[in-house]
Structure formats: structure tokens, C-alpha cells
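Participant: Predicted model follows, preceded by the sequence.
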Amino acid sequence: MSLRFGRFFIIIQSKERGRLRKVSGGMFRLFCRTLQLTSCRMASHNLPIERTAEPPLIDKPVRHRTSIHTKSFYWNRLAMASPVSSAAPSDYTAAIVLRQFWGITAVPERVSAGVSRDNWRTGEAFWLSYSEAGERARFLREAELLRALPFRLKSLGAAWTVPEVVPTVENESIATSEHGLWRMTRHVHGQEPDPRHPGTYPALAAMLAEVHRVLRSIPYSLAVCERGIVEKGRNLLQTYRASSFSCVIQDPRERLLVQTLCEWLELRLSVLEAEPRQLTHGDWIPGNLKVSADGWAVLDWEFCRLDPVVMDLAQSCCTLLMWSGLNRVADRIDELVHRYSELTGHQVLMESVPAAMVLFWLNNYNHWHGRQARIGRYGHVLELLPERLRQVGTFVGAL
């Protein structure tokens, strides 16, 4: 497996598996520093890696037919567990779904990763995700995309992977219960890039260039979202320039903030509308990447959509601005965008980046408004959004 982010390649020897792999030297050195995976000793031709052994993956889910009563302690413990919120499925419900649709009686462990969906780890091998019944079409399209991508990745010789969908006992991509929709994927091992490390952002640009190369070959019909952010841009401006829209925190300054950003964006949206579009990841942040000595993987495809590539780049720019804690943010954004342009041969217009950053967060504002209205348990997310809008608006000079 080769990570094609540099002109020079070195050999990485995995002691655990006893075989050699060809990996970009600069890229792996970067992630050894960024992720602090292990102590790495550089040599002229070999880079030994000392890692803690990972538990072996199970090839197939174990189809137990044990009576539910034989595990009474386990089931009673789950039944007494309090759900996260009144609208969220309980751990007991997740356990019932696992047994009914995948024949698995392992204990599911709710995890905090992910904001828009509830997730559970099932041992060391599987990951169970839940979505509301009203999002069936999107949830199914995401599963179809995850099942299609590995074939294209293999045919193109790509160095990255995506989570593997584990079908139900009826060979379906998703399961439907009275509580909602469910999907199982294999757990992806690795660590996330550190957003506080300056070397993370050139790497994000290089990885995004590789992801976009593959996505250009994917049919548009596999987009998870029906419309891209840029396509919705004019409607968003119309919604939030109206005096009747509902604020999140009921603060008069919030309305002024949103409307000022809309006025600023209206003069610049045409730059984004003129850009060519392709499938994009839609949630390009370090938390949706896993890196290990064996390669890297891209997670969370629920926002894959047809948009200009700058919309993915803008998310890395916003991560730099809001979560890196680094200095020279404007210079680092310039370097990130130029790095991507060099690797892809596609010249991203710098004037499109500030507009993309603002539009991305305005769309987030709209997205979580909608989820709160439909489901009613995302108030904690909504409370953060005015401050995010203020941060990006101040940075681009809109405020």
C-alpha cells in the first residue's frame, strides 16, 4: 500500500505482521509526530514501527441463537440504563436490534463520537449507527455509497479506505425497527490527526486531493445529500434575511449577526456558483479521519454532496481558525489552499475561500435548526452556532 503524498517513498516494516509496506516518508513522519503513534526510528531505507498489537477483526458477525434469558444479567443491566435523551434509543434497544438483525449478543457500548447520530461500539470489531425513520432515503444512500466505494478504490489503486458495511442476516444494508433505522460497519482502527499540530493541515490538503480524485470518478447518483450547499445558497440567504426567522438563543444580536453575514455573502455567492462541482465529502475534519501504519480511512459520509471542492477545503480552514490554537491562521490557510491546488492541478480561487467558510457555517446553522425542529434534542449544538458564525464572520471581515 502506498500513500502518494510525496515524491520520495521509503519502506515501512510492520513487525506485527512481518511484511513490508511502501509509504511516503514525509507523510508518515508527519503523522508519527502529529498522532504520536509510536517511537519511530528513521533509517535510510527502513522505518521500524513499534505498535501495540490490535485485536484481530472478526470476519463475520457471530450468529448466536442463545435464548435471551440465558444472558439475564446482561439484558437486565441494559434495561435499567438511562437513555441519553427521551428521543434517543436506549442501550437496551440497541442490544435488541443487534440480536434481531445481526444475530449478535455482544454488549453494545454507547460512544460519544458523532453529533448527529447515536453510535455504539460492539466489541472491537463493529460499529452500530442509528438514524431517525424520517431520514431513511439519506441513510440508505450513505450505505450504498459505502458499499460502492471499495470497488472504485481498488480499481484506482487508492491508498485509503472507508468503513465496511456489515449486512443484516437478511443481507440488507440497513435495518428498520419501530425505533428507527440502523446500520452496522466494521470498526476502523487508527488515530485522528491532531488539529493543534501545524503539520496536520498540509496533510489534510494532500489527503483531500486524493479523496477528490476518487470522487470525481463516482456517479453523481451516489451523492448522499440531494442538494449541495452552493445550490441551496440563495434559499439560505432568502430565509435568513427575512425578519421572521427564528433565532437560536433569542438574542437580538444573533439576528443582526446572521443578517449581516447574509448581506456580506450575497455579494460573493456568485463566485462559488461559478465554480465547477463534483462529489465532495461534506464533513472534512480531522475527526473523520483515521490514520495507522497500514494507511488511512475516511469516515462519516452522511453529508457527501455535489459541490465545488472549495467547500471541503473551507472546513479545514474553519478547523484551523476555530480549533487549532495556531498563529498565522490566514497564512496557513493560504498554504493549505495552494498545497491542494498544486497537487490537483485545479486552481482554487482564494477569493472563494472566505465565502465558502461563511456559507458552510450558515448551512450548519440551517441544518441544526431543522434537526431541532424535527427531533428536538439538539439544543446543546444550536447554542454554539452563533459564536461559530461570529468567529468566521470576524475572520473574513464581514463583521
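Facilitator: Alright, I've got the coordinates.

Participant: what residue ranges in the stretch 101-250 of the chain score low on pLDDT?
Facilitator: 113-115 (pLDDT under 70).

Participant: where exactly do the helices run in it?
Facilitator: 136-156, 200-215, 229-241 (DSSP state H, counting those that start in this stretch).

Participant: mind checking which of those helices is nearest Val162?
Facilitator: helix 136-156 (5.0 Å; CB to CB). From N, CA and C alone the C-beta is placed, and that goes for glycine too.

Participant: Count the residues that sit near Val214.
Facilitator: 18 (other CB atoms under 10 Å).

Participant: what's the residue nearest to it when sequence neighbours are not counted in contact with, if anything?
Facilitator: Among residues not flanking Val214 along the chain, Ala158 sits closest, at 5.4 Å (CB to CB, 6 or more residues apart in numbering). By CB atoms under 8 Å, 6 or more residues apart in numbering, the contact list for Ala158 reads Arg152, Glu210, Arg213, Val214.

Participant: Can you classify Arg99 as helix, strand or coil?
Facilitator: helix (DSSP: H, G, I helix; E, B strand; the rest coil).

Participant: State the number of residues packed around it.
Facilitator: Neighbours of Arg99 (other CB under 10 Å): 18.

Participant: quick one: the closest residue to it other than its chain neighbours and Arg255, what's the gap?
Facilitator: Spatially, and ignoring its direct neighbours in sequence, Arg99 is nearest to Thr105 (5.5 Å; CB to CB, 6+ apart). Distance, Thr105 to Arg255, by CB to CB, to the nearest Å: 52 Å.

Participant: what about the strands in the protein?
Facilitator: Along the chain, counting by DSSP state E, strands occupy 9-14, 19-24, 46-49, 108-111, 118-122, 126-131, 160-161, 165-166, 175-177, 180-186, 278-280, 289-292, 295-298, 305-307.

Participant: Just confirm Thr185 contacts Trp127, I think it does.
Facilitator: Yes: applying CB atoms under 8 Å, one finds Thr185 in contact with Trp127, separated by 5.0 Å.

Participant: hey, what's in contact with both of these two?
Facilitator: Contacts common to Thr185 and Trp127, judged by CB under 8 Å, 6+ apart, are Pro163.

Participant: who's more crowded, these two?
Facilitator: Each of Thr185 and Trp127 has its neighbours counted (other CB under 10 Å); Trp127 has more, 21 against 18.

Participant: That one bridge partners, please.
Facilitator: Going by DSSP bridges, Trp127 is paired in beta bridges with Arg121, Thr185.

Participant: again, but for Gly180
Facilitator: Ser177.

Participant: Count the neighbours of it for me.
Facilitator: With other CB under 10 Å as criterion, Gly180 counts 21.

Participant: Could you list the low-pLDDT ranges of the stretch 251-399 of the chain?
Facilitator: For the stretch 251-399 of the chain (pLDDT under 70), the answer is none.

Participant: For it, just list every one of the helices.
Facilitator: Using DSSP H, counting those that start in this stretch, helices in the stretch 251-399 of the chain cover 252-266, 269-273, 310-323, 329-344, 352-374, 379-382, 385-396.

Participant: other SSEs contacting the third one?
Facilitator: Contacting helix 310-323 under the criterion 3 or more CB pairs under 8 Å, 6 or more residues apart in numbering; DSSP states H and E are the following elements: helix 200-215, helix 329-344, helix 352-374, helix 385-396.
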